[in-house]
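Participant: For reference, the sequence and a predicted model appear below.
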Amino acid sequence: MSLRKYASEVIREGKRVRWPKREDLLPAIFVVVLIAAFAAIVLGALENVFKSL
């Protein structure tokens with residue numbers, strides 16, 4: 001398969017995808033950022049605990 005044909009098929013599939021609306025996407029982004037921040041805090045706390053041992 002040539003690169004040009006692959007790229008055109010990727011673009012065609014991208015147009016067929018049903019993308020989420022902005023009002024659906026923003027709460028999901030907020031949840032992801034919140035979970036990532038929580039995980040960073042927990043991992044940072046665990047690192048400090050294990051560093052002191």
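Facilitator: Received the coordinates, thanks.
Participant: quick one: the residue nearest the centre of the chain and Ala39, what's the gap?
Facilitator: For the chain, the residue whose C-alpha lies nearest the mean C-alpha position (CA atoms, centre = their mean) is Val32; its distance is 7.4 Å. Remark: distance between Val32 and Ala39 (CB to CB, to the nearest Å) = 11 Å. Where C-beta positions appear, they are placed from N, C-alpha and C, glycine not excepted.
Participant: next one: Val10
Facilitator: Counting by CB to CB - Val10 and Ala39 are separated by 32 Å.
Participant: And for Asp24?
Facilitator: In terms of CB to CB, Asp24 sits 23 Å off from Ala39.
Participant: picking that back up, which SSE is the residue nearest to the centre of the chain in?
Facilitator: Following DSSP states H and E, one finds Val32 within helix 22-52.
Participant: Looking at that helix now, give me its mean pLDDT.
Facilitator: Averaged over helix 22-52, pLDDT sits at 96.
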